[in-house]
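> quick one: sequence plus predicted model below, questions after.
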Amino acid sequence: MENTTTAKNIPVGYLGTGRRKTSIARIRLIPGSGKLIINGISGESYLQFSANYLRISYSPLNILGLSKEYDIHVKTEGGGLTGQADAIRLGIARALCTINPENRITLKSEGFLTRDSRVKERKKYGLRKARKAPQYSKR
């Protein structure tokens, strides 16, 4: 998507969607100073000032050296902070590919464009969890 403005003069920017477990993150990259805003809250406070979650979220921008070039606006839902941080990473990587197709080579070699498809397995009847069986009793 091109960098245009909407009817309300809000910049649209470059869009990307990321998913992980049950989390979905919709990303909008807007040229700016490098702020991260998640669900209307600053990214640091939303991710509970966790250095690990922030590092995961910013990693595609850091690899390309664009950490201070774009403001990141995120709408995320579902799952926990780990899934949401990974979903944000995938969404940012996809948005960076729309900005410049040459970014794809670097991001793909780092593994940022691969969707982690692991989700929780459903519980089966007769079992305690997805695979855990009740304790066997001989008598």
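Sure thing, it's come through.

> who touches the strand or helix carrying residue 52?
Using DSSP states H and E, residue 52 falls within helix 51-64. Residues from elsewhere that reach helix 51-64, judged by Cβ atoms under 8 Å, 6 or more residues apart in numbering: 34, 36, 43-44, 47, 67, 69-70, 72, 81-82, 85-86, 88-89, 92-93, 96, 103, 106-107, 110, 112. C-beta coordinates here come from the backbone N, C-alpha and C atoms, glycine included.

> so of those residues, which ones are in strands?
Cross-referencing these against strands under DSSP state E gives 36, 70, 72.

> which residues sit in contact with the first one?
Spelled out, that is residue 36. With Cβ under 8 Å, 6+ apart, residue 36 has these contacts: 42-44, 54, 57-58, 71-72, 74.

> show me just the buried residues among the residues you listed.
43, 54, 57-58, 71-72, 74 (16 or more other Cβ atoms under 10 Å).

> I appreciate the help and will end here.
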